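K.L.:
What shape does this take:
(one chain, ligands or ions: 1)
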Amino acid sequence: MKIETLPIEGPLLIEPTRIGDARGFFSEAFRADRFEEAAGPVRFVQDNHSASAARGTIRGLHYQKEPRAQGKLIRVTKGAILDVAVDIRVGSPTYGRHVAVELSAENWRQLWVPTGFLHGFCTLVEDVEVIYKVTDYYSRDHDAGVRWDDPDIGVAWPISAEDARLSDKDRTAPLLREIGSEFTYRG
Ligand SMILES: Cc1cn([C@H]2C[C@H](O)[C@@H](COP(=O)(O)OP(=O)(O)O[C@H]3O[C@H](C)C(=O)[C@H](O)[C@H]3O)O2)c(=O)[nH]c1=O
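P.N.:
Okay, the predicted model is just below:
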């Protein structure tokens with residue numbers, strides 16, 4: 001398993017080993033000991049699995065408000081996504097900046113997104129399946145989001161606004177500057 005830091009402190013790029021043989025492959029997709037060596041102690045309580053049929057489907061930019069903020073460990077078991085994490089920790093030297101990495105069934109990479117970050121992805125092909133662990137349960141009352149195409153964040157999504165497939169919730173989400181952030185940087 002390879003675990004790499006990214007230009008923003010917090011998120012991690014993880015690549016488990018895949019052992020191939022004549023039948024296919026085996027992979028220890030998650031190991032708490034290796035993960036916590038790099039990310040510190042976490043407790044995952046829920047696994048999520050979403051499927052998106054169309055290329056250019058965008059889910060995000062989402063987070064859960066405190067005290068139900070979620071850390072997320074994302075991986076792709078079918079297809080490919082551009083996965084994005086945006087730093088919204090007030091006081092962070094990288095506040096408002098983002099990392100964008102390609103996760104795919106082919107590259108077998110995972111992204112760790114700690115609390116204090118917005119998360120979202122865009123599918124790069126049809127028929128994508130994303131599986132991710134989260135560190136708190138879903139709470140509809142704490143579910144929140146920021147507009148995927150917020151110009152202050154400036155994600156270079158690989159799809160135009162006209163062609164992006166979005167939920168109504170995501171299409172009408174507020175801009176970051178309209179809502180501010182409740183998260184504080186503890187560098
Ligand atoms: C997130 C979630 C949703 N739901 C229900 C609520 C809706 O009835 C339905 C679809 O929810 P939503 O449209 O919020 O799903 P996504 O757009 O994929 O949201 C996710 O997208 C980005 C990638 C994220 O990082 C979050 O995990 C999450 O916000 O599933 C649940 O029952 N449990 C859950 O944990």
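K.L.:
quick one, what contacts the residue positioned nearest the centre of the chain?
P.N.:
The C-alpha lying nearest the average C-alpha coordinate of the chain belongs to H119 (CA atoms, centre = their mean; 4.3 Å). H119 is in contact with 60-63, 72, 74, 83-86, 113, counting by CB atoms under 8 Å, 6 or more residues apart in numbering. Just so you know, the C-beta spots here come from the backbone N, C-alpha and C atoms, and that holds for glycine as well.
K.L.:
Is it bridged to anything, and to what?
P.N.:
With DSSP bridges applied, H119 shows beta-bridge pairing to H62, A85.
K.L.:
what separates it from the ligand, distance-wise?
P.N.:
4 Å (CB to the nearest ligand atom, to the nearest Å).
K.L.:
Over to A38?
P.N.:
Noted for A38: a distance of 21 Å to the ligand, by CB to the nearest ligand atom.
K.L.:
Quick check: residues of the chain near the ligand?
P.N.:
By CB under 6 Å from any ligand atom, the residues of the chain that approach the ligand are 48, 50, 59-60, 62, 72, 119-121, 138, 167.
K.L.:
hmm, which of these are the buried ones?
P.N.:
Buried members of the residues of the chain next to the ligand, scored by 16 or more other CB atoms under 10 Å, are 59-60, 62, 72, 119-121.
K.L.:
quick one on the thing from earlier: among the residues of the chain next to the ligand, which are located in strands?
P.N.:
Cross-referencing these against strands under DSSP state E gives 48, 50, 59-60, 62, 72, 119-121.
K.L.:
for the protein, longest helix please?
P.N.:
Using DSSP state H to define each element, the chain has its longest helix at helix 32-39.
K.L.:
for it, which positions count as buried?
P.N.:
For helix 32-39, the neighbour count (16+ other CB under 10 Å) marks 35, 39 as buried.
K.L.:
what helices or strands is it leaning on?
P.N.:
Identification of packing neighbours for helix 32-39 by 3 or more CB pairs under 8 Å, 6 or more residues apart in numbering; DSSP states H and E yields strand 2-5, strand 12-15.
K.L.:
List the contacts of the last one.
P.N.:
In this case it means strand 12-15. 1-6, 35, 38-39, 73, 101, 107-112.
K.L.:
Generate a PyMOL selection restricted to the buried entries among those.
P.N.:
A single PyMOL command selects the buried members of the contacts of strand 12-15 (16+ other CB under 10 Å):
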select buried, resi 1+3+35+39+73+101+108+109+110+111+112
